[in-house]
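Q: Provide a 3D model corresponding to the input given below.
(one chain, ligands or ions: 3)
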Amino acid sequence: MTNIINEISALVTDCGKIILNADRGKMAIDIKSGVADLVTEYDKKIQAQLEIGLKGILPEARFIGEEGSHDELSDDGYAFIVDPIDGTTNFVKDYHHSAISVALLKGKEAVAGIVYNPYLDEMFSAIKGQGAFLNGKKISVSAQPLDKALVLFGSAPYNKELFPKAIEILTDYFYKALDIRRSGSAALDLCSVACGRADLYFELIVSPWDFAAGKLIVEEAGGVVTTIDGEPLSFEGKTSISAKNNVI
Ligand code: IPD
Ligand code: CA
Ligand code: CA
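A: Ligands and ions are numbered 1, 2, ... in the order given. Here you go, the predicted structure:
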């Protein structure tokens, strides 16, 4: 598995250059399901490169990507779940906070995960049972209680009907925690919790490609990832998510 992680790291580092060198001025941007659900030519280009590269690394693995070509998950065998650019709106706005996320599942459980932020050249990685790492150095979640916590949240603009509930939960945290942030990349929010830069992250709807790699990275860093009701997360569809250290 270490070899596989090294090969995926090299692949996503290459794909990261596509983000860094993108010609934003001429970029083709489409709207997917509704308002503000954006996809650029670069999301598609990176996903195509990931699909070819990952097939070369593990030919028998299925491939599930945000931008189409979805195989089904199965009870056995390997599957990659990828988000070619997590934080597409940030990318479109040149906000410098986006990542490439690749998870490897065996059956319905993540066994390896990579989240790469090309802007900071930060490679978060985890292999099931072997800990979580940032650029090769072991990371762990914080031990901060809620009153000292930085709380992250997500609220996709294409799920506006959930915003009042998210704000209600957030308001409670705003009064009880140290401070709050909304970054625009679920994968990086999870990695921020994993390395202790933040202490809790929640969102009412995310898709498997948003969290598949980051969930394993948080868990391998000693954190806890569930739905917001404390139930186990499934990779089979949209879900709410809560990721935190084990003190809060
Ligand atoms: C989105 C980002 C955002 C989160 C949304 C996701 P995308 O992914 O992770 O932070 O709030 O739920 O859909 O569209 O940028 O890949
Ligand atoms: Ca995403
Ligand atoms: Ca995406």
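
Q: confidence score at K32?
A: Looking at K32, its pLDDT is 67.

Q: surely A243 and A221 touch.
A: No - between A243 and A221 there is no contact under Cβ atoms under 8 Å: 9.9 Å. Every C-beta, even on glycine, is put in place using the N, C-alpha and C of the backbone.

Q: shared neighbours, the two?
A: V193 (Cβ atoms under 8 Å, 6 or more residues apart in numbering).

Q: compare those two and say which one has the larger neighbour count.
A: A243 (31 against 26; other Cβ atoms under 10 Å).

Q: got a list of contacts for whichever helix or strand that one is part of?
A: Element membership of A243, judged by DSSP states H and E, is strand 239-244. Contact partners of strand 239-244, identified using Cβ under 8 Å, 6+ apart, comprise 141, 186, 189-190, 193, 199-206, 211, 214-215, 218, 223-230, 233.

Q: mark which of the residues you listed are buried, thanks.
A: 141, 186, 189-190, 193, 199-206, 211, 214-215, 218, 223-226, 233 (16 or more other Cβ atoms under 10 Å).

Q: so which of those also contact ligand 1?
A: Restricting the buried ones among the contacts of strand 239-244 to those near ligand 1 by Cβ under 6 Å from any ligand atom leaves A186, E203, V206.

Q: let's see which of those residues end up in strands.
A: E203, V206 (DSSP state E).

Q: let me see the residues that make contact with the helix or strand in which N6 is found.
A: Using DSSP H and E, N6 falls within helix 2-20. Outside of helix 2-20, the residues within contact range by Cβ under 8 Å, 6+ apart are 42, 45-46, 49-50, 53-54, 57-58, 84-85, 91, 98, 100, 102, 104, 112, 114, 116, 118-119, 121, 123, 125, 127.

Q: buried set for it?
A: In helix 2-20, the ones that count as buried by 16+ other Cβ under 10 Å are I4, I5, I8, S9, L11, V12, C15, G16, I18, I19.

Q: and whichever residue of the chain sits closest to ligand 1, what is it in contact with?
A: Closest residue of the chain to ligand 1, Cβ to the nearest ligand atom: G154 (3.0 Å). Neighbour list for G154: R182, S183, G184, A186, D189, Y201, F202, E203, V206 [criterion: Cβ under 8 Å, 6+ apart].
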